[in-house]
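Participant: How does the following fold in three dimensions:
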Amino acid sequence: MQDSTYYAALDIGTSVVCALVGRLHHNGVLEVIGSGLAPSRGVQKGVIVHIAEAQAAVREALEEASRTAGVEVGWVTATVGGSHIEAFSRWGTVSSTHYALPITHETLERAVDAAYPRDLPPDRELLHLLPKGYSLDGLDGIRNPLGMHATRLGVEVVCITAAATPLRAVVQAVEHSRCRVRYLVAKGLASGEAALTRDEREVGVLLLDIGGGSTTLAHYRHGVLTHLAVLPVGGWHFTNDLAVAFNMPWDVAEDVKVRWGGVLPDGGGPETIEVAAFGGRGASRIERREVTRYLRERALEVLRLAYYTLRHSFGLPAMPPAGVVLSGGGASLGGLDALFRQGLDAPVRVASPRGVEGLPQGMQSPAYTAVVGALLWGTRQAISGRARGMQNGARGRPLPAVMQWLRARVRADRPGTPRAS
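Facilitator: Reported below is the predicted structural model:
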């Protein structure tokens, strides 16, 4: 497919693998022209644990997206999730003896390069290096120093890293589908692209992306990401609580959660629910209020962990002015926004994907914010890279070494090579 017109994204989730193909029109509108869904296999808590099963699910989703779009998918932007993702801040500084020269893009890139974390252990890879603020000759609070004059430029960046092994697994799963990974994007960062409004990013907002195996917290202010953390609890834990408490198969517990689950006692619905049980006992009846109680307790745990992270890890004294935006499949749980609104005493809303046109009706839910955000992220990075004559849109930084290593490894392991897009 032609890289200048078509873009593709892939989200390998704990529950579902989703692929999107989008076309960028001349007026700047990004239209979804193809989509593919497949039940996730070989993935636990956001991390691939069985490569062959994951490869089959990825191939199914990509083939369906390619077929519905009518174009061949050659490159994708893939999300990376899981509790192995970490973030921290660093400063980089560059100096010049020529005060009369203005700050250029090249100057900014040298400052960002100075903040590069060269002391990472060998089992971790850098995913993103995101500027969140600048200083000129010691004056902080500069948001865009381009064209300004100074002898010393400083930049504070957010470094987002991930364990190398899960990254290799994602790339390997995609490359075995005769496709290539162009960009890797942290799932929480991708969700922010599609879930948040410009005003929310500007005044300050906390994004809670509740995935199948983990929950990502991302804080935005002044239009940029300032903090990110991953909690090791997600939608899988809600379902598992029901399966264990009521001795029911996991898929039955998931169905109960989706159809009758909620976190508020007055959520409506039948007082008792008939479900299948283990051990050939046939159907059993459970109280709906008991289902609500278990789901509510797990939701309160997520709330407490999020608040603790906000105050102690992010160091924020209070909730941001725009409150909380919930995304991810777990955000669809009935009454979750009301529970969080009450517990945090802040504005709370449930996100739906934004920023694209033509998204299928069935995908206009918080569960698909990550894949839509990955499509937006990859498109923007590709355009930025071409505009500035770079192969990688993330400020000229090369693709992670793990991707280069796997690309050569996967090609050597199979006959033929993927067709270039």
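
Participant: Show me what the longest helix anywhere in the chain packs onto, helices and strands only.
Facilitator: Of all segments of type helix in the chain, defined using DSSP state H, the longest is helix 288-308. The contact analysis (3 or more Cβ pairs under 8 Å, 6 or more residues apart in numbering; DSSP states H and E) places helix 288-308 against strand 205-210, strand 215-221, strand 224-231, helix 235-246, helix 250-260, strand 272-276, helix 336-344. The way it works is simple: take the backbone N, C-alpha and C, and place the C-beta from them, glycine included.

Participant: That helix vs strand 215-221, what angle?
Facilitator: 40 degrees (axes from the mean of the first three to the mean of the last three Cα atoms, to 10 degrees).

Participant: Please write out the alpha-carbon positions of helix 288-308 in CSV.
Facilitator: Written as CSV, here are the backbone C-alpha positions of helix 288-308 (Å, rounded to 0.1, in the frame of the first residue of the first chain):
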residue,chain,number,x,y,z
ARG,A,288,-27.0,-10.0,41.1
ARG,A,289,-26.2,-7.8,44.1
GLU,A,290,-23.3,-10.2,44.9
VAL,A,291,-22.0,-9.7,41.4
THR,A,292,-22.2,-6.0,41.9
ARG,A,293,-20.4,-6.2,45.2
TYR,A,294,-17.4,-8.1,43.8
LEU,A,295,-17.1,-5.7,40.8
ARG,A,296,-17.5,-2.7,43.0
GLU,A,297,-14.6,-3.8,45.3
ARG,A,298,-12.3,-4.3,42.4
ALA,A,299,-13.3,-0.9,40.9
LEU,A,300,-12.5,0.7,44.2
GLU,A,301,-9.1,-0.9,44.2
VAL,A,302,-8.4,0.7,40.8
LEU,A,303,-9.6,4.0,42.1
ARG,A,304,-7.4,3.8,45.2
LEU,A,305,-4.3,2.8,43.2
ALA,A,306,-4.9,5.6,40.7
TYR,A,307,-5.3,8.2,43.4
TYR,A,308,-2.2,7.0,45.2
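
Participant: In contact with residue 127, which residues?
Facilitator: Shown in contact with residue 127 (Cβ atoms under 8 Å, 6 or more residues apart in numbering): 80, 85, 160, 161, 162, 167, 184, 185, 186, 400.

Participant: Looking at those residues, which are in strands?
Facilitator: Counting by DSSP state E, these place 80, 160, 161, 162, 184, 185, 186 in strands.

Participant: Can you pick out the most distant pair from those residues?
Facilitator: 161 and 185 (13.4 Å; Cβ to Cβ).
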